[in-house]
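Q: Let me see the structure of the following:
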Amino acid sequence: MRLLAHFLERLIERGALHVIDADGKTHSFVGSEDGPEVTIQFHEKSLPAKIALNPELAVAEAYMDGSLTVENGGKIYDLVYLQGLNRARFRGFASQRVLQTVWLALRRFQQDNPVLRAISNARHHYDISRELYALFLDERFQYSCAYFRDPENDTLEEAQHAKLNHIAAKLDLKPGMTVAEIGSGWGGLALHLAQTADVKVVGVTPSPEQISLARERAEKAGVSDRVKFERLDYREFSGRFDRIVSVGMFEHVGVPNYDAYFRTIFRNLKDDGYALVHAIGRMAPPSTTSPFLRKYIFPGGYSPSMSEVFASTERSRLWVSDVELLRLHYYHTIRHWRMRFDANRDKAVELYDERFCRMWDFYLAGVEMAFLFGPNMVFQMLLSRTRDAVPMTRDFMFDVERGLNIPAVSPDDTVVPLIRPR
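A: Numbering: from 1, shown residues only. Now for the predicted structure:
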């Protein structure tokens with residue numbers, strides 16, 4: 001416990017952490033009062049040494065296995081929040097710098113995602129039960145950052161609908177256009193584009209579970225003649241499209257494959273077309289994926305620094321015609337997901353088991369804190385082959401978006417606001 005105690009004494013600057021070791025002795029680490037007070041208990045004598053050596057992975061695995069519990073009615077969210085509050089000090093430890101150096105040296109291997117491995121990695125996360133995702137996502141199964149106009153009052157459904165409109169406005173679709181979606185998920189965006197514009201959409205994803213639900217939804221919505229979904233890796237599809245859109249997929253590409261990803265966009269765009277890429281990024285220098293996310297949640301995944309993205313677009317001869325950074329929108333999105341998952345946790349246990357649900361507890365809490373205290377954000381980028389494919393000013397986006405957000409008329413002629421009026 002001595003090594004871990006030395007670590008925690010230096011780490012806890014805000015809030016307080018009380019640790020009950022496997023022998024029942026309590027060790028307290030107290031900082032300032034502007035933070036939570038959390039009590040945890042170790043049920044394994046070797047745990048302090050494991051945490052001291054690799055805290056990001058060891059704490060998660062200990063919670064998953066039950067050898068670490070949060071006491072006094074607390075939840076793992078409380079512990080993750082306390083760590084996030086003291087995040088700046090965490091990165092200053094020599095042991096963490098050594099781990100980061102090792103992980104950086106290995107990251108090209110960790111993120112090398114040839115087609116077969118990329119398919120396996122995608123299925124690891126997305127081919128689990130659709131009933132699980134239904135417990136916390138909105139009804140459109142949007143598993144990416146929403147767009148909150150009013151975080152205090154917007155529902156998740158309203159924010160996700162606003163995100164779809166925000167993307168549609170940037171695409172500035174015209175009747176007869178063809179659209180390709182790289183990483184089409186469960187089909188929510190493709191269906192929205194087909195329903196709001198007279199366009200044809202081809203979506204690609206390597207996940208058979210996502211393909212199955214997306215096709216079901218297209219058939220039910222009556223747009224299967226205009227929306228097609230193909231089970232393909234992004235490197236395997238071809239065509240020439242007016243627009244290409246990719247939401248929440250670039251995070252699975254991996255640094256060694258960035259050039260292949262952007263070359264795919266360049267190759268499949270018409271000369272006067274452009275693409276929209278929506279992805280998680282970092283406002284910090286290049287780094288690595290946390291060992292917990294890499295091992296259990298998103299194998300092969302990585303959220304890049306903007307310098308890595310721009311370096312690859314330059315090599316791929318693409319014009320970066322517009323960039324928008326969404327800084328806190330994903331924090332609010334994941335907060336909704338975490339709270340919904342927690343409210344439906346008993347159902348999740350029935351679908352899987354307690355260990356699986358603890359893994360997802362840790363995942364959702366950790367990613368939420370990464371967007372509140374860490375360097376994570378979301379970027380939306382417009383890319384084109386030519387300098388004049390995207391209008392010279394951003395006015396077109398606002399004009400289109402205002403039109404998309406006016407009240408819609410339902411089949412029975414009653415007015416149904418797409419965005420709840422304030």
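
Q: Which stretches in the stretch 1-150 of the chain count as helices?
A: Using DSSP state H, counting those that start in this stretch, the helices of the stretch 1-150 of the chain run over 2-11, 47-53, 55-65, 76-85, 87-90, 94-110, 115-126, 130-134.

Q: Figure out which of the ones you listed is closest to Asn257.
A: Nearest of the helices of the stretch 1-150 of the chain to Asn257, taken as C-beta to C-beta: helix 115-126 at 8.1 Å. Placement of C-beta: from N, CA and C, glycine included.

Q: Pull the residues that contact that closest one.
A: By C-beta atoms under 8 Å, 6 or more residues apart in numbering, the residues outside helix 115-126 that reach it are 113, 185, 205-210, 233, 235-236, 252, 297-301.

Q: May I see the ChimeraX selection of the buried members of those residues?
A: To isolate the buried ones among the contacts of helix 115-126 in ChimeraX, judged by 16 or more other C-beta atoms under 10 Å, type:
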select :113,185,205,206,207,209,210,233,235,252,297,298,299,300,301
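
Q: got a markdown table for the helices of the stretch 1-150 of the chain, with mean pLDDT, mean neighbour count and distance to Val223 too?
A: Formatted as a markdown table, these follow (pLDDT from 0 to 100; neighbours: other C-beta atoms under 10 Å; distance: least, C-beta to C-beta, whole Å):
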| stretch | mean pLDDT | mean neighbour count | distance to Val223 |
| --- | --- | --- | --- |
| helix 2-11 | 89 | 16 | 53 |
| helix 47-53 | 92 | 19 | 51 |
| helix 55-65 | 95 | 20 | 41 |
| helix 76-85 | 96 | 21 | 39 |
| helix 87-90 | 79 | 14 | 45 |
| helix 94-110 | 75 | 13 | 39 |
| helix 115-126 | 84 | 16 | 22 |
| helix 130-134 | 94 | 15 | 20 |
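
Q: which one of the ones you listed lies closest to Arg215?
A: Between those, helix 130-134 lies closest to Arg215; by C-beta to C-beta that is 13.0 Å.

Q: Report the distance from that closest one to the chain centre.
A: 17 Å (C-alpha atoms, centre = their mean, to the nearest Å).

Q: now Pro299: how far from His192?
A: Going from Pro299 to His192 by C-beta to C-beta, to the nearest Å gives 29 Å.

Q: again, but for Asp172
A: Distance from Asp172 to His192, by C-beta to C-beta: 15 Å.

Q: which one of these two has more residues nearby?
A: Using other C-beta atoms under 10 Å, the more surrounded residue of Asp172 and His192 is His192, with 22 against 18.

Q: check contacts around that one.
A: 140, 164, 168.

Q: next one: stretch 252-266 to chain centre, how far?
A: On C-alpha atoms, centre = their mean, the centre of stretch 252-266 falls 18 Å from that of its chain.

Q: what does that stretch rub up against?
A: 107-108, 110-113, 118, 121-122, 182-183, 234-235, 237, 244, 246, 250, 275, 277, 286, 298, 300-302, 304, 308-309, 312-313, 315-318, 383, 385.

Q: Quick one: end-to-end distance for that stretch.
A: 19 Å (C-alpha to C-alpha, to the nearest Å).

Q: buried ones in that stretch?
A: In stretch 252-266, counting by 16+ other C-beta under 10 Å, buried: 252-255, 257-258, 260-266.

Q: what's the answer for stretch 313-326, then?
A: Under 16+ other C-beta under 10 Å, the buried positions of stretch 313-326 are 313, 316, 318-319, 321-322, 326.

Q: Name the nearest of these relative to Gly84.
A: Leu326 (19.3 Å).

Q: check contacts around that closest one.
A: 145, 147, 377-380 are the contacts of Leu326 under C-beta under 8 Å, 6+ apart.

Q: swap the cut-off to 10 Å and go again
A: 145-148, 163, 166, 278, 280-281, 333, 371, 377-380 (C-beta atoms under 10 Å, 6 or more residues apart in numbering).

Q: Take those residues and keep only those in strands.
A: Residues of the contacts of Leu326 located in strands (DSSP state E): 278, 280-281, 377-380.

Q: For my notes, confirm Ala190 occurs in a strand.
A: No - Ala190: not assigned to a strand; according to DSSP: H, G, I helix; E, B strand; the rest coil it is helix.

Q: can you put the helices of the stretch 1-150 of the chain in a markdown table and add distance to Gln41?
A: Shown next, in a markdown table, are the helices of the stretch 1-150 of the chain (distance: least, C-beta to C-beta, whole Å):
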| stretch | distance to Gln41 |
| --- | --- |
| helix 2-11 | 14 |
| helix 47-53 | 10 |
| helix 55-65 | 11 |
| helix 76-85 | 11 |
| helix 87-90 | 22 |
| helix 94-110 | 24 |
| helix 115-126 | 31 |
| helix 130-134 | 29 |
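
Q: Flag the shaky bits of the protein, pLDDT-wise.
A: For the chain, the stretches with pLDDT under 70 are 91-95, 103, 405-422.

Q: What values do phi and psi take at Thr178?
A: phi -110, psi 140 (degrees, to the nearest 10).

Q: circling back to that earlier point, give me the buried subset of the contacts of His192.
A: 140, 164, 168.

Q: still on that earlier bit, so which of the ones in strands among the contacts of Leu326 comes closest to Glu37?
A: Met377 (29.8 Å).

Q: related to what we said a few turns ago, ok, the buried ones among the contacts of His192 vs Val367, which is closest?
A: Arg140 (20.3 Å).

Q: That closest one touches Ala159, doesn't it?
A: No - contact criterion C-beta atoms under 10 Å: Arg140 and Ala159 do not qualify, at 11.5 Å.

Q: residues touching the residue nearest in space to the middle of the chain, list them.
A: Among the residues of the chain, the one closest to the centroid is Ser144, at 5.5 Å (C-alpha atoms, centre = their mean). Residues in contact with Ser144, defined by C-beta under 10 Å, 6+ apart, are 160, 163, 167, 183, 185, 188-189, 247-249, 251, 278-280, 330, 333, 378.

Q: same deal with Ser303?
A: Residues near Ser303 by C-beta under 10 Å, 6+ apart: 250-251, 279-282, 287, 289, 293, 370, 375-379.

Q: So it lies in a strand, does it not?
A: No - secondary structure of Ser303 (three-state DSSP): coil, not part of a strand.

Q: That one - nearest residue in space that isn't next to it in sequence?
A: Here the nearest residue to Ser303 in space, its sequence neighbours aside, is Ile280; by C-beta to C-beta, 6 or more residues apart in numbering that works out to 4.1 Å.

Q: Show me the strands in the stretch 151-300 of the chain, by range?
A: Along the stretch 151-300 of the chain, the segments classed as strands by DSSP state E, counting those that start in this stretch run 178-182, 200-205, 227-231, 241-247, 269-282.
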